[in-house]
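# Provided below are the primary sequence and the corresponding predicted coordinates.
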Amino acid sequence: MRSGRSRGCAHTSAAEITTPILLHGEEDSCWPLVAHAGRLGLATRIGLEDVLTGPHGASVADNAELVRLALVEWTVAPSGCRTTAGRLGGGPEQLGRRVR
């Protein structure tokens, strides 16, 4: 995999990706990684087993609230390499698929 220095993004071709990429964090690393996944267009996951508060420190009621907040964080993160989202298996539809 070649590293892209100009934007801090990894540049790969679709042929080089053999496994889906998922960014996942726990506690203090959770929300920054959700936003980073959004910038890169990668999949992420979140649940009460990972973090008990929202991105600004407020308590959350349940997993559904975490997913809704994560979807906002993923979507509003400034995109750097988001054009590859479909090929990398990520996107907001993946994050919010189980919560409706």
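Sure, I can see it.
# any chance you could map the helices in this structure?
Assigned by DSSP state H, the helices in the chain fall at 30-40, 63-76, 85-88, 92-95.
# can you say which of those helices is nearest to residue 48?
helix 63-76 (5.6 Å; Cβ to Cβ). (C-beta placed from N, C-alpha, C; glycine too.)
# the closest one: which residues count as buried?
Along helix 63-76, the positions that meet the burial threshold by neighbour count (16 or more other Cβ atoms under 10 Å) are 66-67, 69-71, 73-74.
# which strands and helices sit next to that helix?
Packing contacts for helix 63-76, counted by 3 or more Cβ pairs under 8 Å, 6 or more residues apart in numbering; DSSP states H and E, involve helix 30-40, helix 92-95.
# most packed of the ones you listed?
Each of these was scored by mean neighbour count; the highest is helix 30-40, a mean of 22, by mean count of other Cβ atoms under 10 Å.
# where does this protein have low pLDDT?
Per-residue confidence for the chain (pLDDT under 70) gives these ranges: 1-15, 80-100.
# CA-only coordinates of stretch 17-36 in CSV, if you can.
Below are the C-alpha coordinates for stretch 17-36, written out as CSV (Å, rounded to 0.1, in the frame of the first residue of the first chain):
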residue,chain,number,x,y,z
ILE,A,17,-7.9,-4.2,-1.3
THR,A,18,-8.6,-7.7,-0.4
THR,A,19,-10.3,-7.3,3.0
PRO,A,20,-12.8,-4.7,4.2
ILE,A,21,-11.3,-2.0,6.4
LEU,A,22,-13.1,-1.0,9.6
LEU,A,23,-11.9,1.6,12.1
HIS,A,24,-13.0,1.0,15.6
GLY,A,25,-12.1,2.7,18.9
GLU,A,26,-12.9,2.4,22.6
GLU,A,27,-13.5,5.1,25.2
ASP,A,28,-11.3,8.2,24.4
SER,A,29,-10.4,6.9,21.0
CYS,A,30,-13.9,6.1,19.9
TRP,A,31,-15.2,9.5,18.6
PRO,A,32,-12.0,10.6,16.9
LEU,A,33,-11.9,7.3,15.0
VAL,A,34,-15.5,7.6,13.9
ALA,A,35,-14.7,11.0,12.4
HIS,A,36,-11.5,9.7,10.9
